[in-house]
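S.K.: Predicted model follows, preceded by the sequence.
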Amino acid sequence: MAVNAFYFLREATTSMRRNMALTVAAVMVTSLSLVLLGFVGMVVHAGDGLATNLKYRVDEIRVFLKDEVTAEERDSLERFIKKMPEVKSVRFISKEEALEEFKEMYKDSPDIIEQIEGNPLPAEFKVRMKDPKYNKAVAQRLMNRPEISVDENGKKEIKFPEDVVNKVLKWTGAIQKIGFVVVVAFAIVAVSLVSITIRMAIYARRNEIGIMKLVGATNWFIRWPFIVEGVFEGITGAIVGIIVAIMIHSWLMTKVEAAAEANLISTGYLVLLSFLLILVGMIIGALGSNFALRRYIEV
Amino acid sequence: MAVNAFYFLREATTSMRRNMALTVAAVMVTSLSLVLLGFVGMVVHAGDGLATNLKYRVDEIRVFLKDEVTAEERDSLERFIKKMPEVKSVRFISKEEALEEFKEMYKDSPDIIEQIEGNPLPAEFKVRMKDPKYNKAVAQRLMNRPEISVDENGKKEIKFPEDVVNKVLKWTGAIQKIGFVVVVAFAIVAVSLVSITIRMAIYARRNEIGIMKLVGATNWFIRWPFIVEGVFEGITGAIVGIIVAIMIHSWLMTKVEAAAEANLISTGYLVLLSFLLILVGMIIGALGSNFALRRYIEV
Amino acid sequence: MIRFRRVTKVYHGNVYALEDVTVDIEKKEFAFIVGPTGSGKSTFFKLILKEELPTNGEIYIADTNLSEIKKWKVPYLRRKVGCVFQDFKLLPNKTVYENVGYALEVTGRPRRIIEAYVPEVLRLVGLSHKLDSYPDELSGGEQQRVSIARAFVNRPPILLADEPTGNLDPSMSHGIVKLLEKINNTGTTVLMATHDQDIVNTFKKRVIELKEGRVVRDQLRGVYGYGS
Amino acid sequence: MIRFRRVTKVYHGNVYALEDVTVDIEKKEFAFIVGPTGSGKSTFFKLILKEELPTNGEIYIADTNLSEIKKWKVPYLRRKVGCVFQDFKLLPNKTVYENVGYALEVTGRPRRIIEAYVPEVLRLVGLSHKLDSYPDELSGGEQQRVSIARAFVNRPPILLADEPTGNLDPSMSHGIVKLLEKINNTGTTVLMATHDQDIVNTFKKRVIELKEGRVVRDQLRGVYGYGS
Ligand SMILES: Nc1ncnc2c1ncn2[C@@H]1O[C@H](COP(=O)(O)OP(=O)(O)OP(=O)(O)O)[C@@H](O)[C@H]1O
Ligand SMILES: Nc1ncnc2c1ncn2[C@@H]1O[C@H](COP(=O)(O)OP(=O)(O)OP(=O)(O)O)[C@@H](O)[C@H]1O
Ligand SMILES: [Mg+2]
Ligand SMILES: [Mg+2]
């Protein structure tokens, strides 16, 4: 078997050298597919980061307090909220802090700030949920707490995340769905492209395969060099693909990240992606050639 | 020649029938490439629509008027603005309308509206430019008009589009750039994939081509059936690609459009894209086969 | 060694390549298969290699019924039956040396055996100077001799040769058949299809004549045709 | 019709396939090219077809210097020179009918001419019943006859035949050479490379003998070898 392993390697390399055009074509197709795959992977990951970023802001409801609430009442409410299993954290914002925030927010519109006399803003709890889906339930349970202020219509003043954010979230949700579909589609594209390439390579050598069989070669003896070749081409394709993907990443993503003012793709993720691509390349190569060989190797 | 045209067609169809596997592979690759191309085309077009949508809102500066400005002064300023070649339209908003708008905008925050006494909001001109890049220049030319109100620091009150919008615009700009790069990349990918496929198909038949030449066939006589085959495969690939693209479109884009609450891709654009894809498919097929043949057809 | 029992081979439902052929070839025998073109000689060999399956009848190689050999065992059958193909069947991407070596390589022989056997057998057929040529750089006769070398580098117990001298000049042909005779003397069963009158008449071996797929003559020490 | 002037062909810088060959073949002549395997017969034909270029010397076909023929005109040269290739060179994806028809089709002949000529020429070589077979469904001899049919369906002024009887039985071989003789009588120049002693000795035509790439004999009404 040791002899054979050596033989298969030698066989694969000579075959690749002598069919240079086919080898280059197969590597190109593999790397193209993997660049696409890697690229989509990056975009989905970046979109994911963006979505988490936004989600971070929508799992929070704001509970406004009556001005007359005492410190004890406030603490009791805070404890009551913190006890709920759905709640991740509670942050108290006093009337003064609220005013500061308001002024900060409207610092470009002095006319609005000028209109404010005293401090009309209420104190509030910013209550962050473990998941946005708990927003409603938690608010429900707060409805009968007397500490919470009431608007003109007698409704408790509890504010949900704003509509705009919701809309953006819908968007990123859709993008993520598309991203997933695209990743699956590209994986299929990549595998079928490589298997087409290898199938054509084998088709081009179908006569040779027939001769090998007549000389007494077993099916596996014929298959192995092709599989080695496929795996090698897959790995080479993956390496080329990774280099191109990283180049695209550093050129484009930095631009996007500058615009988005966030670091969307970490180096760690890139390394992971690279390993994944090499693995996928190997598997594609091996499966592709084995699958393709089935058609032409029947005794 | 009429005899020949018929011969080439017959030759191409028999060749395709007899090399079914290769034909199917070539058509698959073509349609995959064109689906990708069409998909990217759609995304870029949709992104473009989104960007125009946003741009629509950022080519507008707001010019606030002193409360004491008379109707004549106002009209004179309006005429002055309208005369500028960079300006597309001017809309006047009276103090009353401004208050209405403000109330509408903050209808969810009654505390803010309550704080307002009388009508602190100034009248304004909303000046829309032919292009956002003129914003600064037009504002500059308005700086010495006495009708325009002045803030505490003595600066004329002319407001530019808001930062947030600017940021979004940066984003869409980046996306469009990426989109362009991706379209070009995919066009290259598509052409090279098809030419690889056809080159492999020809490689598989290189012996045949050699024999044809020895029997006295001219290069063009050998080339034509392959070109017909390439064009046919290109067109078939395009049609398959269009069907898939439309399916993807109707499945995914409707979701996105529902989320974005806008109709981003018109039917007209889809028809245009289809014709484009068929044309591209034909050109890819013809160029691909002709290019590939060059290597194996030397006397 | 090789037994055909009422073997019929029909291609495409209407081309009778072999019809009701019953033949026994003993171990260590040397037989010529003759017959006009299209009479089924190559088909006879293809059936022995299990390249084609008989439409009817049974074939036994060394007492094994071919129709009972499992698919995965077919390669091992073929290693026992060296064959010189009429159209040579050389691997176009391998050199002469590699083409011959391949027949050893498939049996898993170690490198040093290959390095010893291959040049030796190529010397026997007179191609020592073409080791590194590719098939399309050889003359017709040279390709034929590579095919011969490959068929017996493996020392198979059975050697089939389908018109192995069709592209060779008379003196080279005589040399090759003498070589086959020598191989036969070491205990190998040799079957040779041929059109070459001189050879058949000179070597006086068993002659099996086919005509339109039927055995019309089976004669020890025969000559090419009745008329000649 | 065919003139070689001190032609040398060297492959790979060291294989001398032809060396200093000077030969004149007149219009309407019939000549056998003989010589041991590897002596340069096929190379001689390849040079006439401009499939290979001579390393040295000049070749004239019908008073045209081959080295002066423009690339795009080479196909028109080849239509004037029908060739039976030693390895047949049939198109594997075309039937027998299409393979022969192809040689007419490349010259732009209308369909009805093709439909009249092809069956006629296939009848001449005795393959009327195999019109729709593919090459790999034919016996060696049948493939060879398809190659012969294709070479002269076009009625070329020159016909080259590279061992056209190598896979044929003696009676079929005689028939084919008689056919070549008939074609020759209609005014076609015929060159035939062969190893077949019987044929050469029977037909008594001009014999050009090559040995290691050199012309060692050029004899009217010759026989196969000096010794025979
Ligand atoms: N794969 C096939 N499909 C259909 N017919 C075939 C096939 N192979 C051979 N034949 C036919 O079977 C007959 C016998 O063919 P075979 O090759 O056995 O002849 P042969 O004796 O070897 O002839 P030759 O001396 O010309 O090589 C021929 O008529 C041939 O056309
Ligand atoms: N393409 C090539 N590259 C290198 N050497 C070649 C090539 N073609 C032929 N040769 C060599 O040139 C010599 C003459 O070959 P050629 O085919 O002309 O011989 P031939 O007379 O036709 O022989 P045969 O009777 O065996 O067909 C041989 O030694 C052969 O190996
Ligand atoms: Mg045969
Ligand atoms: Mg030759």
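M.R.: Received it, and whenever you're ready, just let me know what you need. Numbers count the residues shown, from 1 in each chain, chains lettered A, B, ... in the order given. Ligands and ions are numbered 1, 2, ... in the order given.

S.K.: Excluding chain neighbours, what is closest to residue 204?
M.R.: Just so you know, I chose chain A. residue B:204 (4.2 Å; C-beta to C-beta, 6 or more residues apart in numbering or on different chains). Backbone N, C-alpha and C define where each C-beta goes, glycine included.

S.K.: You answered for a different chain; I wanted chain C.
M.R.: In space, residue C:204 is closest to residue C:221, 4.7 Å off (C-beta to C-beta, 6+ apart).

S.K.: try residue C:7
M.R.: Nearest to residue C:7 is residue C:57, by C-beta to C-beta, 6+ apart, at 3.6 Å.

S.K.: For ligand 4, what is the nearest residue in chain C?
M.R.: Here chain C gets closest to ligand 4 at one residue, residue C:140, 4.1 Å apart by C-beta to the ion.

S.K.: ok, that residue to residue C:37 distance?
M.R.: 18 Å (C-beta to C-beta, to the nearest Å).

S.K.: same thing with residue A:129?
M.R.: 89 Å.

S.K.: and residue C:144, what helix or strand is that in?
M.R.: Assessed by DSSP states H and E, residue C:144 sits inside helix C:140-153.

S.K.: hmm, I was thinking of residue A:275
M.R.: helix A:267-296.

S.K.: List the buried residues in that helix.
M.R.: Under the neighbour-count criterion of 16 or more other C-beta atoms under 10 Å in any protein chain shown, helix A:267-296 has A:270, A:273-274, A:276-278, A:280-282, A:284-290, A:292-293, A:296 buried.

S.K.: residues from chain C in reach of ligand 2?
M.R.: C:137-142, C:167 (C-beta under 6 Å from any ligand atom).

S.K.: Mark which of those residues are buried, thanks.
M.R.: If we count by 16+ other C-beta under 10 Å, the residues of chain C next to ligand 2 have these buried: C:138-142, C:167.

S.K.: Please state the offset of stretch C:14-21 from the chain centre?
M.R.: 20 Å (C-alpha atoms, centre = their mean, to the nearest Å).

S.K.: which residue does chain C bring closest to ligand 3?
M.R.: For chain C, C-beta to the ion, closest residue to ligand 3: residue C:42, 3.1 Å.

S.K.: Contacts only, for that residue.
M.R.: Contacts for residue C:42 (C-beta atoms under 8 Å, 6 or more residues apart in numbering or on different chains) come out as C:86, C:162, C:193, D:139-140.

S.K.: Wait, residue A:238 touches residue A:34, no?
M.R.: Yes - using C-beta atoms under 8 Å, residue A:238 is in contact with residue A:34, at 5.4 Å.

S.K.: what do these two both touch?
M.R.: With C-beta under 8 Å, 6+ apart as the test, residue A:238 and residue A:34 both reach A:277, A:280-281.

S.K.: Quick one: those as a markdown table, columns for distance to ligand 4 too.
M.R.: Converted to a markdown table, the shared contacts of residue A:238 and residue A:34 look like this (distance: C-beta to the ion, whole Å):
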| residue | distance to ligand 4 |
| --- | --- |
| A:277 | 52 |
| A:280 | 51 |
| A:281 | 46 |
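
S.K.: Make sure residue C:218 is indeed in a strand.
M.R.: Yes - using DSSP: H, G, I helix; E, B strand; the rest coil, the secondary structure at residue C:218 is a strand.

S.K.: Now look at stretch A:83-100 and say if it contacts chain B.
M.R.: No - using C-beta under 8 Å from any C-beta of the partner chain, stretch A:83-100 stays clear of chain B, coming no nearer than 10.5 Å.

S.K.: Quick check: nearest residue in space to the closest residue to chain B within chain C, chain neighbours excluded?
M.R.: Nearest to chain B in chain C, going by C-beta to the nearest C-beta, is residue C:92, at a distance of 8.9 Å. Using C-beta to C-beta, 6+ apart and skipping the chain neighbours, the partner closest in space to residue C:92 is residue C:135 (5.5 Å).

S.K.: Is the one you found in contact with residue C:88, as I believe?
M.R.: Yes - taking contacts as C-beta under 8 Å, residue C:135 lies within contact range of residue C:88: 7.5 Å.

S.K.: any residues in contact with both of these two?
M.R.: Common neighbours of residue C:135 and residue C:88, counting by C-beta under 8 Å, 6+ apart, are C:143, C:146.

S.K.: neighbour-wise, which of those two wins?
M.R.: Between residue C:135 and residue C:88, residue C:88 has the larger neighbour count (other C-beta atoms under 10 Å in any protein chain shown), namely 23 against 20.

S.K.: List phi and psi for the more buried one.
M.R.: Phi and psi for residue C:88, reported as degrees, to the nearest 10, are phi 70, psi -50.

S.K.: repeat for residue C:83
M.R.: Torsion angles, degrees, to the nearest 10, at residue C:83: phi -140, psi 130.

S.K.: Same question for the one 3 residues further on.
M.R.: When read as degrees, to the nearest 10, the backbone of residue C:86 gives phi -60, psi -40.

S.K.: now it: how far from residue D:148?
M.R.: Between residue C:86 and residue D:148 the computed distance is 17 Å (C-beta to C-beta).

S.K.: Give me the more crowded residue out of these two.
M.R.: With neighbours defined as other C-beta under 10 Å, residue C:86 and residue D:148 compare such that residue D:148 has more, 26 against 23.

S.K.: Wait, that one touches residue D:84, no?
M.R.: Yes - with contact defined as C-beta under 8 Å, residue D:148 reaches residue D:84; the gap is 5.0 Å.

S.K.: and for the two, which residues touch both?
M.R.: In contact with both residue D:148 and residue D:84: D:161, D:164, using C-beta under 8 Å, 6+ apart.

S.K.: follow-up on the earlier one: did I read that right, the residue of chain C closest to chain B in a helix?
M.R.: No - under three-state DSSP, residue C:92 sits outside any helix and is assigned coil.

S.K.: wait, it sits on residue C:136?
M.R.: Yes - using C-beta under 8 Å, residue C:92 is in contact with residue C:136, at 6.5 Å.

S.K.: Compare neighbour counts for those two and give me the winner.
M.R.: More crowded of residue C:92 and residue C:136, by other C-beta under 10 Å: residue C:92, with 14 against 10.

S.K.: What values do phi and psi take at the more buried one?
M.R.: phi -70, psi -20.

S.K.: quick one: contacts for it?
M.R.: Shown in contact with residue C:92 (C-beta under 8 Å, 6+ apart): A:208, C:134-136.

S.K.: How many residues are close by residue 98?
M.R.: You didn't pick a chain, so chain A it is. Neighbourhood size, residue A:98 [other C-beta under 10 Å]: 17.

S.K.: Can you look at chain C instead?
M.R.: Counted with other C-beta under 10 Å, residue C:98 comes out at 19.

S.K.: Mind checking what secondary structure the most centrally placed residue in chain C has?
M.R.: When C-alpha atoms, centre = their mean is applied to chain C, the residue found nearest the centroid is residue C:160 (2.0 Å). Of the three states, residue C:160 takes strand according to three-state DSSP.

S.K.: And it, how far from residue C:25?
M.R.: From residue C:160 over to residue C:25 the distance is 11 Å, taken as C-beta to C-beta.

S.K.: Could you pull out the strands in the chain for me?
M.R.: Because you didn't say which chain, this covers chain A. With strands called from DSSP state E, chain A shows them at A:60-64, A:87-93, A:124-129, A:158-159.

S.K.: wrong chain, I was asking about chain C
M.R.: Using DSSP E, the strands of chain C run over residues C:2-11, C:15-25, C:30-34, C:56-61, C:64-65, C:81-84, C:158-162, C:189-193, C:206-211, C:214-219.

S.K.: The fifth one pairs with which strands, and in what direction?
M.R.: Meaning strand C:64-65. In the sheet, strand C:64-65 lines up against strand C:56-61 (antiparallel) (DSSP bridges).
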